[in-house]
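J.: requesting a structural model of the entry that follows:
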Amino acid sequence: MENLPSILTPDLGLLFWMLLAFLVVLFIVAKFGFPVIIGMVENRKQYIDESLKKAHEASERLANIQKEGETMLQEARQKQAQILKEAADTRDAIVAQAKEKAREEGNRLIAEAKSEIESQKQAAISEIRAQMAELSVKVAEKILRKELDSDAKQMETIDRLLDEVAVEDKR
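T.: Coordinates of the predicted model:
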């Protein structure tokens, strides 16, 4: 066993110095290295936590923006529906008003036409009566001329008419 290097079979003194060196390095690392590493890990953890918090806030803001956008879109749709309803109501009112005016104008034209027809009818009746009277007078004149062509017939007709007038006056 004596041929083996001393590293594989260390002496007690070597073990002591190796242990002492390890403890010194462990103390230095524990005193100065670990706090720096732990601080860096804590800083990194805080950065990640803040990033997650900001991401969560951004997600909430995005959700709020989406809700506001949906609300605005809904309001716009409601306003659009209201405007369309008002336009339809206005259109219906205009159409009804135009129909009423057309009905009134039609009634007025019909009344004027009836009045014109009545006046033309009265004028035609008057003209027919005048023509009939003129025709009757002409016929009567011709009949009387034929009947009264002699003096005896004229005297007889005058006496008969006087008798008729006298009878009517007595009544």
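J.: against Ala102, how distant is Leu109?
T.: 10 Å (Cβ to Cβ, to the nearest Å). To be clear about C-beta, it is placed using only N, CA and C from the backbone, and glycine gets the same treatment.
J.: just Glu86 next, same as before
T.: Shown here: Glu86 relative to Ala102, a distance of 24 Å by Cβ to Cβ.
J.: right, and the helix or strand after the helix or strand hosting Glu112?
T.: Here Glu112, judged by DSSP states H and E, is contained in helix 34-147. On the C-terminal side of helix 34-147, the closest following helix or strand by DSSP H and E is helix 151-170.
J.: that following helix to helix 34-147, inter-axis angle?
T.: Orientation note: helix 151-170 sits at an angle of 120 degrees relative to helix 34-147 (axes from the mean of the first three to the mean of the last three Cα atoms, to 10 degrees).
J.: what mean pLDDT does helix 151-170 get?
T.: Looking at helix 151-170 alone, the average pLDDT works out to 78.
J.: start at 478 instead
T.: Noted, 478 is the first residue going forward, which turns the last one into helix 628-647.
J.: quick one: distance of that helix to the chain centre.
T.: Taking Cα atoms, centre = their mean, to the nearest Å, the mean C-alpha location of helix 628-647 is offset from the chain mean by 91 Å.
J.: alpha carbons of it, as PDB, please.
T.: Only the C-alpha atoms of helix 628-647 are listed here, as PDB (Å, rounded to 0.1, in the frame of the first residue of the first chain):
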ATOM      1  CA  ASP A 628    -162.600  85.000 -89.900                       C
ATOM      2  CA  ALA A 629    -165.400  82.800 -88.500                       C
ATOM      3  CA  LYS A 630    -163.000  80.400 -86.900                       C
ATOM      4  CA  GLN A 631    -161.000  83.300 -85.300                       C
ATOM      5  CA  MET A 632    -164.200  84.700 -83.800                       C
ATOM      6  CA  GLU A 633    -165.300  81.300 -82.500                       C
ATOM      7  CA  THR A 634    -161.800  80.700 -80.900                       C
ATOM      8  CA  ILE A 635    -161.900  84.200 -79.300                       C
ATOM      9  CA  ASP A 636    -165.300  83.600 -77.800                       C
ATOM     10  CA  ARG A 637    -164.300  80.100 -76.400                       C
ATOM     11  CA  LEU A 638    -161.100  81.600 -74.800                       C
ATOM     12  CA  LEU A 639    -163.100  84.400 -73.200                       C
ATOM     13  CA  ASP A 640    -165.600  81.900 -71.800                       C
ATOM     14  CA  GLU A 641    -162.700  79.900 -70.300                       C
ATOM     15  CA  VAL A 642    -161.200  83.000 -68.700                       C
ATOM     16  CA  ALA A 643    -164.500  84.000 -67.300                       C
ATOM     17  CA  VAL A 644    -165.000  80.600 -65.800                       C
ATOM     18  CA  GLU A 645    -161.600  80.600 -64.200                       C
ATOM     19  CA  ASP A 646    -162.200  84.100 -62.700                       C
ATOM     20  CA  LYS A 647    -165.300  82.800 -60.900                       C
END
